[in-house]
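Enquirer: everything below, folded, please.
(2 chains)
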Amino acid sequence: MDRRFAIVVAVLLLLTPYASLAKKFTRCGLAAELKKHGITDVRNWVCMAESESGMNSNAVGRPNRDNSRDYGIFQITDDDDDEKLNARDVEADRVLHFKVFQASRDGVEEISMPVPGHGLLLGKQYRLQRTLGMPNSQQGTLDLTSNSYRDNCDRLLYLEEKQRELCALSQNILTSLGLGAKMAIDECQHQFRMSRWNCSTFGNTTAIFGGVLSVKSREAAYVHAVSAAGIAYTVTRACSRGELNECSCDSRVRSRKPKGKWQWGGCSEDIHFGEKFSREFVDSHENRDTAEGLMNLHNNEAGRRSIRSRMQRVCKCHGMSGSCSVRVCWRKLPPFRQVGDALSARYEGASHVKMVDKKRRRIKKLRAVSRDYKQPNKTDLVFLEESPDYCERNETMGVLGTRGRLCNRTSMGPDGCRLLCCGRGYQTRVRDVEEKCHCRFVWCCDVKCDTCRYKKEEHICN
Amino acid sequence: MQGAILENLSGKKLAILVSFLLVCQVTCFLIGGLVAPTPASAENWLATKCRQRENDTREWLYPRGKGHCETIDSLDMYRAPDSDHRKADRENLKASELVFAFQIPVPRNNMTLDYSRWQQNLIGVLQFDIMYHPDAEMEERVVVTIDARLAYRNKGDPDGAWKHYASSVEERILDCTMAHKEEGFHYDCSIVPLFELGSLHHDFYLLNIRLPVGADKKMNQGLGHVEDIWLVAINQNGGFTKVWVTIKSAFFPCIIAIMIWFWKRVHQLSRSPALLEHMLMFLGVTLTFLNMPLEFLTLAFDMPFMLLLGDIRQGIFYAALLSFWLVFAGEHLMIQDCADSNTLRYYWKHLSAVAIGCLSMFIFDMCERGVQLQNPFYSIWVTDLGTNLALTFIILAGISAGVYFLFLSYMIWKVFCNISAKRTVLPSMSSARRLHYEGVIYRFKFLMLATLLCAAMTITGFILGQVSEGRWKWDDHLVLEFTSAFFTGVYGMWNIYIFALIVLYAPSHKQWPAEGEHRGSVNEEIEFSRLPTDPSEISSLTTFARKSAMD
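Expert: Below you'll find the model as predicted:
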């Protein structure tokens, strides 16, 4: 179940931004594109593109010796080990090219991304993008024909029937789902940046979180909750932006006709549709008869509720002469960071549960493992198994281990060297770094910074 | 002077009338509670960030439909200090290129919604999502300069055919606080009222908002990382308007009929109409003005002045009601020696309080809503001068309200003093005089009771509405829309109150018993049952017959 869920997330995540960007270039077309982006030695680039991929931005190369593959117009390896990349000059060069292209992508639709053809491998793109520090959101003004996104949905073999139906509703839904999943992962990585398990994602396995989710641990609980919340959140936002035509107007008015309904009594939809959609989409492949399914369903719901309970009520008066005889209130969506924080707190206090099978009424329920513990309520996260310690690298589990992680020498928390390095100790290195500092924000979209040089002390886990 | 219908009405008849009116009252309340939706609804809409390439600020940028704008998904990429995070190829995004566009209403259920003229008015409120960032700490109070432009389009027009409706560059004050400053969290900012449209004549509206940077380099520089802008569009609900107009249309012919009846009756008398009757008539006229279902006209014509007109109509009605109470109390002082008391001039001191209060509210309203006719983005509260001016008028109105209530309480107190004084001497009076005074006292007490009841119900309803906020669920099937019920209930109540006043205080045709008539049994208490119990409209002949029978 978990693996499947992770795949769904991964697939959505990656399919979204790149879905239709693949393109085969002509020499002239590529040269023109390159020039547009201020690249002067056009000839070298075109040659490389021609020899590497035959100008096909969709190209996927044969497996390299180390089982990595090369993708895209410049055939960049999917091996995300940065050190290895840097060691190989060619690859580094290509990464540079890749950067240029990626950077140019947002503005120009024709520029293509190295997109592997099917869902399994898409994780790589995400990873690359993260390591390159690309902006998070890339839902652009893609103009897909109505057929292409339906095809995309059909190609996502891992989607359940129900999900495929939802997915095929419109391109924008797919986009929102992808963004939601991505936002959830970003949030997860932010929340766990100081823990031993840092919500790392993988591209080289079919599951985006590696095998971590196969353990029904607190971490799995968090990932489920934050993903369900992320999808509800982005769908709600897309609805209020008018991007989705499907958003229902869930108003409690006594009129029948949907359009007349709005004109009669307004649309009290705030997050209802987002929640409903998330429930239908994320929950659809969980099995209510298994402990794991119940746990995931519980956590998904807890995630969604954490948005609702954090919505802030705002009111405005507008009566006669501006008096307060008429008062209208509405709810404001909280920043997603707040949702992530709340779920983090729930993660800390998650309940260890087991499935109780009530024979007589055939109802399966989750109950706290011991009677001494508080029974979990609907907003609490629950888990079935204790987490591994995440200290050592474990390929099958998809745990990276904490070796080589930066830790904080003075902190007593989970990011402190003592805890993070699992008692293996740490090395300290001093580096001369050049960083932006004294930054000032200038409205609307500029940040002016000075450059500071200073010595930076870093502690690295053994 | 003859008595009013009230004192000559039998107890049974009065009971029937009062219970009929109560049924009407309950009906009004239930119509509001069960049929009507909430009076107004608010919809939350998130801005689409559009990028404007051309310098032409007259161009309309809209997020949906053919020829939609180039959208920006996130401003983060332009704001990252690290050049790696930036778009390598692009120049920076300038403030003048960033347009927050709202195309309202948004589609729902696969349908393009459009505004109906039943929805009457639209109020726009902005909410800023400002992310905390250490490089842009915001002060608690920031002045935001908003370049807002509003356009409209109707069904059947091409997607790009937006027509200019209003535009303005406005300054607004934004109060932002943050208890726990951490990146990723938003400031807690006050809402920014942006515009008020008195009419919702068109189907679709488009709001383009720019937050410009001025030549003086000060404009908008205090702003932090504004990530998104939400527009909360508040409009009256079409269903509520329909119910409201129905109630008005039902009351309108009633009040006219009652007034005609009243005026005829007054003119049938041999004497000229008394001041109180003039006041009743005036009250009726203002109520007619208030009840006039002018809202029907908005379905055909663009009438942006409806908000203002509504305020004026209500204001005039309240002024008339307040004046009426004063005059009523004054007329029941039972001091007959003052020859002046039958003219308005006698009450000029008291009435000037009402006049000043209403006038200052009117001026305030003209300054706010009057100017909004010209510029829907205008608000008097933005500038210090405007705020002071507005406060001056509101305080003035408050003071005159205070003075008015002092006057009124003083007069009522005096009336009660007189009543108790008269009561002690009542038994020794001649029957005609006694009946006259009994009538006066009874009329006064009846009005006092009715008024207090109405006022108490209004205030209770208002407080309940404010406190409860939510809905009042009696059970799962019967959901009462309390706010609407309050509005229709109160509206119906004051209508019925005035109907009752005009009917019950209309002059009776019944004659007083002759001066020399034998006094009835000496009774200490004045009771309703002591009054004649026969039909109200008995002619003088029957009176005469009865009198002779008694003799």
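Enquirer: what pLDDT is listed against residue B:359?
Expert: Note on residue B:359: pLDDT of 93.
Enquirer: do a quick rundown of the strands in the chain.
Expert: In the absence of a named chain, this looks at chain A. Counting by DSSP state E, one finds strands in chain A at the ranges A:70-71, A:76-77, A:312-317, A:327-332, A:351-358, A:363-368, A:382-383, A:406-407, A:426-442, A:446-461.
Enquirer: think we crossed wires, I meant chain B
Expert: Counting by DSSP E, chain B has strands at residues B:40-46, B:48-51, B:70-72, B:98-104, B:122-131, B:141-153, B:163-177, B:188-189, B:192-197, B:204-210, B:225-236, B:472-473, B:479-480.
Enquirer: for residue A:326, phi and psi?
Expert: When read as degrees, to the nearest 10, the backbone of residue A:326 gives phi -110, psi 130.
Enquirer: contacts only, for the closest residue to it other than its chain neighbours.
Expert: Nearest residue to residue A:326, sequence neighbours excluded (CB to CB, 6 or more residues apart in numbering or on different chains): residue A:319, at 4.5 Å. Every residue, glycine included, has its C-beta placed from N, CA and C. Residues counted as contacts of residue A:319 (CB atoms under 8 Å, 6 or more residues apart in numbering or on different chains) are A:325-327.
Enquirer: which intervals of the stretch 151-300 of chain B have sub-threshold pLDDT?
Expert: B:216-217 (pLDDT under 70).
Enquirer: and residue A:230, how far from residue A:433?
Expert: 34 Å (CB to CB, to the nearest Å).
Enquirer: ok, residue A:282 touching residue A:229?
Expert: No: the pair residue A:282 / residue A:229 is not scored as a contact, 9.7 Å apart, by CB atoms under 8 Å.
Enquirer: contact partners for residue B:155?
Expert: Residues in contact with residue B:155 (CB under 8 Å, 6+ apart) are B:114, B:203-204.
Enquirer: among those, which one has the most neighbours?
Expert: Among these, the one with the most neighbours (other CB atoms under 10 Å in any protein chain shown) is residue B:204, at 22 neighbours.
Enquirer: how far away is the residue of the stretch 351-500 of chain B found nearest chain A from residue B:315?
Expert: With CB to the nearest CB, the shortest gap between the stretch 351-500 of chain B and chain A falls at residue B:365, namely 5.0 Å. Separation of residue B:365 from residue B:315 (CB to CB): 8 Å.
Enquirer: anything in contact with each of these two?
Expert: By CB under 8 Å, 6+ apart, residue B:365 and residue B:315 have these common neighbours: residue A:321.
Enquirer: what ranges do the helices span in the stretch 201-350 of chain A?
Expert: A:218-241, A:258-265, A:272-282, A:291-308, A:336-348 (DSSP state H, counting those that start in this stretch).
Enquirer: mean pLDDT, distance to residue A:177 and mean neighbour count for those - can I get that in TSV?
Expert: Output for these, formatted as TSV (pLDDT from 0 to 100; distance: least, CB to CB, whole Å; neighbours: other CB atoms under 10 Å in any protein chain shown):
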stretch	mean pLDDT	distance to residue A:177	mean neighbour count
helix A:218-241	91	6	28
helix A:258-265	77	24	21
helix A:272-282	86	7	23
helix A:291-308	92	14	23
helix A:336-348	93	15	20
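Enquirer: quick one: low-confidence ranges for the chain?
Expert: Assuming you mean chain A. For chain A, applying pLDDT under 70 flags the ranges A:1-162, A:164, A:167-171, A:203-208, A:250-259, A:268-269.
Enquirer: wrong chain, I was asking about chain B
Expert: Residue ranges of chain B with pLDDT under 70: B:1-2, B:81-91, B:216-217, B:334-342, B:466-479, B:510-551.
Enquirer: please work out which residue of it is closest to chain A.
Expert: In chain B, no residue comes nearer to chain A than residue B:41, which is 2.5 Å away by CB to the nearest CB.
Enquirer: isn't that residue right next to residue B:235, touching?
Expert: Yes: with contact defined as CB under 8 Å, residue B:41 counts as touching residue B:235 (6.8 Å).
Enquirer: hey, what's in contact with both of those two?
Expert: Residues touching both residue B:41 and residue B:235 (CB under 8 Å, 6+ apart) are residue A:266.
Enquirer: would you map out the domains in the chain?
Expert: No chain specified, so I'll use chain A. Domains of chain A are assigned by automatic domain parsing as A:1-160, A:169-198+A:210-383, A:406-461.
Enquirer: chain B is the one I meant
Expert: Listed domain ranges for chain B are B:2-39+B:240-510, B:41-74+B:95-235 (source: the TED database).
Enquirer: and these: which comes nearest residue A:262?
Expert: Ranking the domains of chain B by their distance to residue A:262 (criterion: CB to CB) puts domain B:41-74+B:95-235 first, at 5.5 Å.
Enquirer: now do the contacts for residue 378.
Expert: I'll assume chain A. A:298, A:301-302, A:305.
Enquirer: wait, chain B
Expert: By CB under 8 Å, 6+ apart, residue B:378 lies in contact with B:168, B:170, B:368, B:371-372.
Enquirer: please repeat the previous calculation with a cut-off of 10 Å.
Expert: Contacts for residue B:378 (CB atoms under 10 Å, 6 or more residues apart in numbering or on different chains) come out as B:166, B:168, B:170, B:195-196, B:367-372, B:386.
Enquirer: just give the closest residue to residue A:448, not the sequence neighbours.
Expert: Nearest-residue entry for residue A:448: residue A:440, 5.1 Å, with adjacent residues in sequence omitted and distances by CB to CB, 6+ apart.
Enquirer: could you measure from the one you found over to residue B:137?
Expert: Distance, residue A:440 to residue B:137, by CB to CB: 10 Å.
Enquirer: hmm, the residue nearest to residue A:448 is touching residue B:135, no?
Expert: Yes: under the criterion of CB atoms under 10 Å, residue A:440 makes contact with residue B:135 at 5.9 Å.
Enquirer: and the residue of chain A found nearest chain B, what does it touch?
Expert: Nearest to chain B, among the residues of chain A, is residue A:266, at 2.5 Å (CB to the nearest CB). The contact partners of residue A:266, taken as CB under 10 Å, 6+ apart, are A:249, A:251, A:253, A:328, B:37-38, B:40-43, B:119, B:233-240.
Enquirer: hey, where'd the helices end up in chain B?
Expert: Taking DSSP state H as the criterion, chain B carries its helices at B:5-8, B:11-30, B:76-79, B:238-268, B:275-291, B:295-298, B:306-331, B:348-365, B:371-374, B:384-425, B:431-468, B:482-504, B:540-550.
Enquirer: what helices or strands is the first one leaning on?
Expert: In this structure, helix B:5-8 packs against helix B:11-30, helix B:431-468, helix B:482-504, with contacts taken as 3 or more CB pairs under 10 Å, 6 or more residues apart in numbering or on different chains; DSSP states H and E.
Enquirer: comparing those helices, which comes out most buried?
Expert: Highest mean neighbour count among the helices and strands packed on helix B:5-8 (mean count of other CB atoms under 10 Å in any protein chain shown): helix B:482-504, with a mean of 22.
Enquirer: elements contacting that one?
Expert: Counting contacts by 3+ CB pairs under 10 Å, 6+ apart, helix B:482-504 is packed against helix B:5-8, helix B:11-30, helix B:238-268, helix B:275-291, helix B:306-331, helix B:431-468, strand B:472-473.
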